[in-house]
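Asks: Prediction below, plus the sequence it came from.
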Amino acid sequence: MSANSLIGPIRTPPRLEDLTRALLYEGYALFPYHRAAVKNTKPVPFGAVYPEAYRAHHPEAPSLIQTECLVVGAGEDLAVQASVRFLQLQTIELQEWTEAAGLRVVESLAAGAETHQSGWQGVEREVRPQSLALWRCAADWTACRIEFPERRQSRLLHDARRQIIGRRLARTADLTGRVTVAYSPVEGREDCYQVAVRIHNATPVPDAATLSRDEIARHAFLSTHTLLTVTGGEFRSVLEPEPEWETVAAQCRNVGTWPVLLDGDQTTLLSSPIILHDYPELAPQSQGDLFDGSEIEEALLLHLAAMSDAEKKTLATADDRLRAMLERVSQVTPQEILNLHGVLHATPPPKV
């Protein structure tokens with residue numbers, strides 16, 4: 001039983017990394033993407049894990065999510081590694097400076113060639129507990145603290161004459177919690193183990209009873225995903241188990257998240273708050289993350305291309321990720337858009 005500090009990310013193949021990042025940022029921004037649009041003024045809280053102190057007053061807000069899955073294998077190299085990823089909310093405040101009134105909060109501020117906007121951004125977080133060896137005879141567990149101290153960044157803004165006109169404040173709240181990975185042998189099944197990953201938000205929030213759902217989002221883990229890899233063994237599908245595994249799979253209890261297999265070797269599993277099928281894939285024709293996989297990408301690309309220069313400038317100043325998205329869209333060719341229009345896939349006939 002050991003507590004770990006934060007370490008580097010699990011190295012996943014590029015295709016799987018693209019998929020997991022697309023899911024992590026699903027709903028991050030929605031067309032027309034402007035922060036002024038009602039649906040973009042607040043983050044979409046897929047997979048939100050709220051502080052336990054807030055749940056005490058709002059039982060519908062989960063403070064823990066849990067993944068349970070099955071691993072089959074034997075030998076001393078049988079081990080499971082977990083990686084937990086989520087977004088933390090960072091608030092952006094703009095303050096304009098005038099000699100008459102001093103500093104006052106504003107929604108936007110033009111600083112030379114740049115226009116800054118108040119609002120929010122997502123900061124990506126990742127934690128990894130120690131690799132858990134499953135070859136031991138008895139059940140075991142490992143834990144990792146989630147600990148991101150409060151952070152405040154201030155930057156002065158200048159006009160074209162290098163005169164100070166205000167400042168930009170970026171704030172993230174303190175986040176604390178715990179990831180626990182545990183396993184136990186499945187009774188009556190040789191070389192079969194049930195692995196459980198629990199993610200708990202223990203962030204202290206003294207005024208939790210008075211905060212709204214929008215305000216508490218600053219203290220929540222948003223879009224929480226768990227990526228599991230196994231060496232020396234294989235995962236078994238919990239979503240669509242083979243007949244001989246149905247009874248055992250039914251004993252797995254997943255709370256607020258659903259595990260699916262990612263690769264044909266069955267050595268990688270993703271547990272997501274978005275319901276997926278086993279072996280999900282990004283469409284090969286996709287031109288990049290538009291943050292909304294439920295929309296028609298062709299339509300979104302055409303809508304973006306039809307935006308005015310002023311709209312594109314406003315979009316680009318809102319967020320680095322939105323600016324990168326706009327840059328990718330500007331490089332899409334007409335043929336690539338046509339490739340998105342429709343694809344027919346041959347399917348094998350049903351077995352008789």
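Replies: Noted; the coordinates are in hand.
Asks: quick one: low-confidence ranges for the stretch 251-352 of the chain?
Replies: In the predicted model, the stretch 251-352 of the chain carries pLDDT under 70 at residues 287, 293-295, 342-352.
Asks: any chance you could map the helices in it?
Replies: Counting by DSSP state H, counting those that start in this stretch, the stretch 251-352 of the chain has helices at residues 297-305, 309-318, 320-330, 334-339.
Asks: among those, which is nearest Leu94?
Replies: For those, proximity to Leu94 was assessed by C-beta to C-beta; helix 309-318 is nearest, at 11.3 Å. The way it works is simple: take the backbone N, C-alpha and C, and place the C-beta from them, glycine included.
Asks: any idea how far the closest one is from the chain center?
Replies: The chain centre lies 25 Å from the centre of helix 309-318; the measure is C-alpha atoms, centre = their mean, to the nearest Å.
Asks: buried set for that helix?
Replies: Residues of helix 309-318 classed as buried by neighbour count (16 or more other C-beta atoms under 10 Å): 312, 314-318.
Asks: Can I get it in PDB? Just the C-alpha atoms.
Replies: Provided in PDB are the C-alpha atoms of helix 309-318 (Å, rounded to 0.1, in the frame of the first residue of the first chain):
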ATOM      1  CA  ASP A 309     -12.900  37.400 -40.400                       C
ATOM      2  CA  ALA A 310     -14.100  39.200 -37.300                       C
ATOM      3  CA  GLU A 311     -15.800  36.100 -36.000                       C
ATOM      4  CA  LYS A 312     -12.700  34.000 -36.600                       C
ATOM      5  CA  LYS A 313     -10.600  36.600 -34.800                       C
ATOM      6  CA  THR A 314     -12.900  36.500 -31.800                       C
ATOM      7  CA  LEU A 315     -12.900  32.700 -31.800                       C
ATOM      8  CA  ALA A 316      -9.100  32.600 -32.000                       C
ATOM      9  CA  THR A 317      -8.600  34.900 -28.900                       C
ATOM     10  CA  ALA A 318     -10.900  32.800 -26.700                       C
END
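Asks: okay if I get the helices of the stretch 251-352 of the chain as JSON lines plus distance to Asn254?
Replies: As requested, these are arranged in JSON lines below (distance: least, C-beta to C-beta, whole Å):
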{"stretch": "helix 297-305", "distance to Asn254": "30"}
{"stretch": "helix 309-318", "distance to Asn254": "35"}
{"stretch": "helix 320-330", "distance to Asn254": "29"}
{"stretch": "helix 334-339", "distance to Asn254": "37"}
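Asks: Ok, which of those helices comes nearest Glu190?
Replies: With C-beta to C-beta, the closest approach to Glu190 among the helices of the stretch 251-352 of the chain belongs to helix 297-305: 46.7 Å.
Asks: Would you map the helices across the chain?
Replies: Applying DSSP state H to the chain gives helices spanning 14-24, 52-55, 213-216, 246-249, 297-305, 309-318, 320-330, 334-339.
Asks: for the ones you listed, which one ends up most surrounded?
Replies: Of these, the one with the most neighbours on average (mean count of other C-beta atoms under 10 Å) is helix 52-55, at a mean of 20.
Asks: For that helix, what is the distance to the chain centroid?
Replies: Per C-alpha atoms, centre = their mean, the centroid offset for helix 52-55 relative to its chain is 21 Å.
Asks: what mean pLDDT would you report for that helix?
Replies: For helix 52-55, the mean per-residue pLDDT is 96.
Asks: Output that helix as PDB, restricted to C-alpha atoms.
Replies: Extracted in PDB, the C-alpha atoms of helix 52-55 (Å, rounded to 0.1, in the frame of the first residue of the first chain):
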ATOM      1  CA  GLU A  52     -17.600  15.200  -1.000                       C
ATOM      2  CA  ALA A  53     -18.500  18.300   0.900                       C
ATOM      3  CA  TYR A  54     -20.800  19.400  -1.900                       C
ATOM      4  CA  ARG A  55     -22.400  16.000  -2.300                       C
END
